[in-house]
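Enquirer: turn this into a structure:
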Amino acid sequence: MAKRKKVDNNKTVRRIKEEQLYDVAVAGGGASGMAAALILARENPAIKVALLEKKDDLGRKLRATGNGRCNLSNRAIPTVDETVAFFESIGIPVRGDESGRLYPYSESAATVVEVLKHRLMVAGVTCYTDAAVEKIDRTDGYFSLHTASGICTAWKVILATGGKAGPSYGCSGDGYALARSFGHHIIKTLPVLTGVCCDALPADLKGVRAKGELTLWRDGTRIFQEEGEVQFTDYGVSGICVFNLSRHLQYVGDARLSPYTIVLDLAPERSFQSYFRACASEPGIKNMACVDFLSGIVKRPLARWILDQAGIPEDLRFNECDEAMLSKMESTFHQMVIRPQSVMGFKMAQCTAGGIAGEEVDDRTLESRIVPGLYFCGELLDYDGPCGGYNLDHAWRTGIQAARSAALALSLEGGHHNG
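Expert: Model prediction:
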């Protein structure tokens, strides 16, 4: 019998005993790993399942998703009904917002974690915490997962250890090393869904938020465009549309990000050309300084930035602007140039781009094409989606897919049940 030690937060810490053999061991107690373990045990109670988590509790990163609300899927995803059905089957109904994002009805990520933990316990899954998998061997048809506290053995293994985004939650990319040890290749991993560090933005823009349209250009070719709110920070820009843009930034040799230009349109829905002309003759406006006039349209730091990029002195009287200046002011309003230098690192990123090479994984079963009985799911795979529930949906879906494949394989092999 495994020893249990109660800790202050009522979590149960289990110690791995070397002689314990499971049908399936799931490495990683995040969204994908918990979904996989639950599907395995719930759909075939004869399967003996172990779930190994490196941190002291399950679902650490999941608790922080969707600003604590758990944006678990999106109506635009073709398989969304399957995700909704999974959650409703475990007692978590969902609700959506006007943009198509789906949340648990409670809008509480912590509640989702606690429900999943309870369902795992009821289903009979053995959960080990503080059990980082350091090495995996395969001998005589079964796998040995080495941890600091002992060795867990299993006939099948599902790797759900996550990527590198969010190291404070235990996401350090150790699953890639485990995959490499079995001969797998890793597509270069990069932090995405993160802020972008920019060159020479005015210091007084820090803290300003502005709605607009972001366009990313590379050597004159448009490669991304999205409307949303841009948040100016001490390092550059942030916000959902910036996060989505970050997925398209890739370092180009020594040139790094210099081939890229970000253009911000502060008013994509209208032109101000005729409005500027009319205001230039208004008695209450024409004698205003240009910066004071533009501050009636956008926040003052943005007004200064527009005039700086347009090459117009901010204290110039508005009625002193000739036609060329008004035209330049208008065009600059729609073409604020931002020069990206880098993206924020994995500490700030929500997701990891890159991962286990797709051609080395069976896309139907998620089983390794190199090592039979080894499955991958979640962020370890070479997938990254935009903000809005896409990445979390991918975690649920691939965890469920890998679990069902492993369970079917055990059944076809006649089972290795330990009960």
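Enquirer: what's the mean pLDDT across the host helix or strand of Pro301?
Expert: Using DSSP states H and E, Pro301 falls within helix 300-310. Mean pLDDT, helix 300-310: 96.
Enquirer: so how far is that helix off the chain centroid?
Expert: Here the centre of helix 300-310 is set off from its chain's centre by 33 Å, with Cα atoms, centre = their mean, to the nearest Å.
Enquirer: now do stretch 375-384
Expert: The answer for stretch 375-384 is 12 Å, by Cα atoms, centre = their mean.
Enquirer: stretch 33-46 now?
Expert: The answer for stretch 33-46 is 24 Å, by Cα atoms, centre = their mean.
Enquirer: kindly report the same for stretch 127-144.
Expert: 27 Å.
Enquirer: got it, and stretch 241-255?
Expert: Centre to centre, stretch against its chain (Cα atoms, centre = their mean), the figure for stretch 241-255 is 15 Å.
Enquirer: what about it, start to end distance?
Expert: 24 Å (Cα to Cα, to the nearest Å).
Enquirer: contacting residues around it?
Expert: Contacts to stretch 241-255, defined as Cβ atoms under 8 Å, 6 or more residues apart in numbering, come from residues 190-196, 214, 216, 223-224, 226-231, 257-260, 262, 340, 343, 350, 353, 384, 386-387. No exception for glycine: its C-beta is placed from N, CA and C like everyone else's.
Enquirer: I'd like the average pLDDT over that stretch.
Expert: The average pLDDT for stretch 241-255 rounds to 90.
Enquirer: go through it and flag the buried ones.
Expert: For stretch 241-255, burial by neighbour count (16 or more other Cβ atoms under 10 Å) applies to Cys241, Val242, Phe243, Asn244, Leu245, Ser246, Arg247, Leu249.
Enquirer: and the furthest pair within those?
Expert: The two members of these with the most space between them (Cβ to Cβ) are Cys241 and Leu249, at 13.4 Å.
Enquirer: who's in contact with Glu229?
Expert: With contact set as Cβ under 8 Å, 6+ apart, Glu229 has these partners: Arg209, Ala210, Lys211, Gly239, Ile240, Cys241.
Enquirer: would you map out the domains in the chain?
Expert: By the assignment in automatic domain parsing, the chain contains the domains 4-190+351-412, 196-343.
Enquirer: what separates the top strand by length along the chain from the chain centre, distance-wise?
Expert: The longest strand of the chain (DSSP state E) is strand 221-232. Put simply, strand 221-232 sits 18 Å off its chain's centre (Cα atoms, centre = their mean).
Enquirer: equivalent analysis for stretch 56-70, please.
Expert: Chain-centre distance of stretch 56-70: 12 Å, with Cα atoms, centre = their mean.
Enquirer: next: stretch 116-136.
Expert: Its chain's average C-alpha position is 23 Å from that of stretch 116-136, according to Cα atoms, centre = their mean.
Enquirer: just to revisit the earlier point, show me the contacts of stretch 241-255 that map onto strands.
Expert: Checked against DSSP E, these include these in strands: 190-192, 196, 214, 216, 223-224, 226-231, 260, 262, 340, 343, 353.
Enquirer: please enumerate the helices of the stretch 1-150 of the chain.
Expert: Along the stretch 1-150 of the chain, the segments classed as helices by DSSP state H, counting those that start in this stretch run 31-43, 80-89, 109-123.
Enquirer: now the longest helix seen in the chain: buried residues?
Expert: In the chain, taking DSSP state H as the definition, the longest helix is helix 390-412. Buried residues in helix 390-412, counted by 16+ other Cβ under 10 Å: 390-407, 409-410.
Enquirer: state the mean pLDDT of it.
Expert: For helix 390-412, mean pLDDT is 97.
Enquirer: counting contacts, what elements does it pack onto?
Expert: Applying 3 or more Cβ pairs under 8 Å, 6 or more residues apart in numbering; DSSP states H and E, one finds that helix 390-412 contacts strand 21-27, helix 31-43, strand 73-74, helix 80-89, strand 150-159, strand 374-376.
Enquirer: kindly recompute the last result at 7 Å.
Expert: Where contact means 3 or more Cβ pairs under 7 Å, 6 or more residues apart in numbering; DSSP states H and E, helix 390-412 is packed against helix 31-43, strand 73-74, helix 80-89, strand 150-159, strand 374-376.
Enquirer: out of the ones you listed, which gets nearest to Tyr105?
Expert: When the helices and strands packed on helix 390-412 are compared by Cβ to Cβ, helix 80-89 sits nearest Tyr105, at 9.4 Å.
Enquirer: angle of the closest one against helix 31-43?
Expert: Here helix 80-89 runs at an angle of 60 degrees relative to helix 31-43 (axes from the mean of the first three to the mean of the last three Cα atoms, to 10 degrees).
Enquirer: name the helix or strand for the residue of the chain positioned farthest from its centre, please.
Expert: Most distant from the centre of the chain: Pro283, at 52.2 Å, with distances by Cα atoms, centre = their mean. According to DSSP H and E, Pro283 maps onto no helix or strand at all.
Enquirer: now do it against Arg63, distance only.
Expert: 58 Å (Cβ to Cβ, to the nearest Å).
Enquirer: same question for Arg300.
Expert: 38 Å.
Enquirer: try Ser89
Expert: 22 Å.
Enquirer: okay, the two: which has more neighbours?
Expert: Arg63 (18 against 11; other Cβ atoms under 10 Å).
Enquirer: ok, that one touching Thr111?
Expert: No - taking contacts as Cβ atoms under 7 Å, Arg63 lies outside contact range of Thr111: 9.7 Å.
Enquirer: need the contact list for Ser32.
Expert: Ala160, Cys377, Gly378, Ala395, Thr398, Gly399 (Cβ atoms under 7 Å, 6 or more residues apart in numbering).
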